[in-house]
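Peer 1: sequence first, predicted coordinates after that:
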Amino acid sequence: MFDNLSDKLEATFKKLAGQATINEVNIGIAMRDIKRALLSADVNYKVAKKFVEEVREKALGQDVVKSVSPAQMIVKIVSDELTEIMGGENKPLDLNTKKLPAIVMVAGLQGSGKTTFCAKLAKRLKKNGKHPLLVAADVYRPAAVDQLKTLGEQIDVPVFALSEQDALKTAHQGVDSARKNGNDVVIVDTAGRLQVDEDMMVEAEALKDQLKPEELLFVVDAMIGQEAVNTAKVFNDRLDFDGVVLTKLDGDARGGSALSIKQVVDKPIKFMSVGEKVDDLDVFYPDRMAQRILG
Ligand code: GDP
C-alpha cells in the first residue's frame, strides 16, 4: 500500500549505507527523497518543506552512535518528529461537564462519514458505561435521519429526530429529551454539503453557539488528500473545533493528511475510522500513524 514511500526511503538509505557520519551531503540526499516521499503520501507542500528543514537540523546535530547506521538514525529522527508533530500522544475526548448531558457535536462535509462516526462513537461510549443519545440534526437529507435511526437500532442506542426540518429545534429538544431520560451524553449529527457552503456554516455556528458542546469534532475523509487540509482550515476558521476524526483510513490513503491537518489547524486528531462497520473505530495514536506514513 505504501510502496512509493518506503521504496524511496529504502533507496535513499541504501545510498547512505556504509557512511559513518551524518554530513551535509548525505543528509541533503536523504532529505530531498524524504520530502518527495512525504509529498507522494499527500502531505501538504509547505508542511513537508518545514518538516524536512526541522529534521535536517536535528540530524546534523547528532553524533552517530556506533551501534546504528546513519540511515537508521535518520529513520528514527523522522519517525519521532512525525509523531511529535501529530501531537505526541492520543488526546482523549473531554466530556467533563458540571451540567449533564455532555454534548458532542459532529460537523463535516457530506459523505465524510459523519453519521457513521456518530454511531461508532455512541457504541464506544456505551461500552464505557455511558448512556448516549444520538440526535439527528442533519435534517435536510431524510436518508441521513433514517441512516442514523437504523444505526441506532443496530447498536441499541436511542435516536432523537423531529419531522420538521429545523436543526436548532431538533438539537435543543434532543438535549431536553436526554436530560429527562437520563442520557449523559448527546451526540449531535449535523448537516453537511458536498462542498463548503455558507448556509451550512451559519447553521453549524448557530448550533455551536447555542449548544456549547463539550467537544466539537470535525470529520474528514482521508481519501480526499490535499483537499482535506483546505476543508479543515475553512471549518476551523469558522467553528474553532476541538478535534478531528479522520475517516476511511482502511482505504489506500497514506495518512499524510493527518500530518498536514495537525500542522495547519493545530488541533488534535482524536479518532480514526477504519471501515463501514460500527466497530471500525480506533483512537488516533500519532506514533502508529508515523509508522504508517513511513510505510
Ligand atoms: P455523512 O454524509 O458525512 O454522514 O457520511 P456517512 O456516514 O453517510 O458515510 C458516507 C459513506 O462512507 C457511507 O457509505 C459509509 O458507509 C462510508 N464510510 C464511513 N466511514 C467509513 C470508513 O471509515 N471507511 C470506509 N471504507 N467507508 C466509510
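Peer 2: Good, I have the coordinates.
Peer 1: what about residue 79, neighbour count?
Peer 2: Using other CB atoms under 10 Å, residue 79 has 15 other residues around it. C-beta here means a position set from N, CA and C on the backbone, and glycine is covered the same way.
Peer 1: next one: residue 276
Peer 2: Neighbours of residue 276 using other CB under 10 Å come to 12.
Peer 1: and the pLDDT at it?
Peer 2: Residue 276 carries a pLDDT value of 95.
Peer 1: and the stretch 101-250 of the chain, which of its residues are near the ligand?
Peer 2: 108, 110-116, 144, 147, 192, 247-248, 250 (CB under 6 Å from any ligand atom).
Peer 1: ok, now with 8 Å
Peer 2: Counting by CB under 8 Å from any ligand atom, the stretch 101-250 of the chain comes close to the ligand at 108-118, 138, 141, 144, 147, 189, 192, 219, 221, 247-250.
Peer 1: buried ones among those?
Peer 2: Applying 16 or more other CB atoms under 10 Å to those, the neighbour count classes 108-110, 112-118, 138, 141, 144, 147, 189, 192, 219, 221, 247-249 as buried.
Peer 1: what about those, which are in strands?
Peer 2: 108, 189, 219, 221, 247 (DSSP state E).
Peer 1: tabulate those residues (JSON lines), appending distance to residue 158.
Peer 2: Formatted as JSON lines, those follow (distance: CB to CB, whole Å):
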{"residue": "108", "distance to residue 158": "23"}
{"residue": "189", "distance to residue 158": "14"}
{"residue": "219", "distance to residue 158": "22"}
{"residue": "221", "distance to residue 158": "28"}
{"residue": "247", "distance to residue 158": "24"}
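Peer 1: hey, where'd the helices end up in this protein?
Peer 2: For the chain, the helices defined by DSSP state H cover 3-16, 24-40, 45-60, 70-85, 114-127, 142-155, 167-181, 198-211, 226-239, 256-265, 286-294.
Peer 1: re the thing from before, out of the ones in strands among the buried ones among the residues of the stretch 101-250 of the chain next to the ligand, flag the one nearest to the ligand.
Peer 2: residue 247 (4.3 Å; CB to the nearest ligand atom).
Peer 1: where does this protein dip in pLDDT?
Peer 2: Counting by pLDDT under 70, the ranges of the chain that qualify are 1-21, 63-69, 295.
Peer 1: with only the CA atoms kept, save stretch 117-136 in PDB.
Peer 2: Output of stretch 117-136 as PDB, limited to C-alpha atoms (Å, rounded to 0.1, in the frame of the first residue of the first chain):
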ATOM      1  CA  PHE A 117     -18.900   8.100  13.100                       C
ATOM      2  CA  CYS A 118     -21.700   9.300  15.400                       C
ATOM      3  CA  ALA A 119     -23.000   5.700  15.700                       C
ATOM      4  CA  LYS A 120     -19.500   4.300  16.200                       C
ATOM      5  CA  LEU A 121     -18.800   6.900  19.000                       C
ATOM      6  CA  ALA A 122     -22.100   6.100  20.600                       C
ATOM      7  CA  LYS A 123     -21.300   2.400  20.700                       C
ATOM      8  CA  ARG A 124     -17.900   3.100  22.100                       C
ATOM      9  CA  LEU A 125     -19.200   5.400  24.900                       C
ATOM     10  CA  LYS A 126     -21.900   2.900  25.700                       C
ATOM     11  CA  LYS A 127     -19.300   0.200  26.100                       C
ATOM     12  CA  ASN A 128     -17.500   2.500  28.500                       C
ATOM     13  CA  GLY A 129     -20.600   2.800  30.700                       C
ATOM     14  CA  LYS A 130     -22.200   5.900  29.300                       C
ATOM     15  CA  HIS A 131     -25.800   6.300  28.200                       C
ATOM     16  CA  PRO A 132     -25.700   8.200  24.900                       C
ATOM     17  CA  LEU A 133     -28.500   9.700  22.900                       C
ATOM     18  CA  LEU A 134     -28.000  10.300  19.100                       C
ATOM     19  CA  VAL A 135     -29.600  13.400  17.700                       C
ATOM     20  CA  ALA A 136     -30.400  13.600  14.000                       C
END
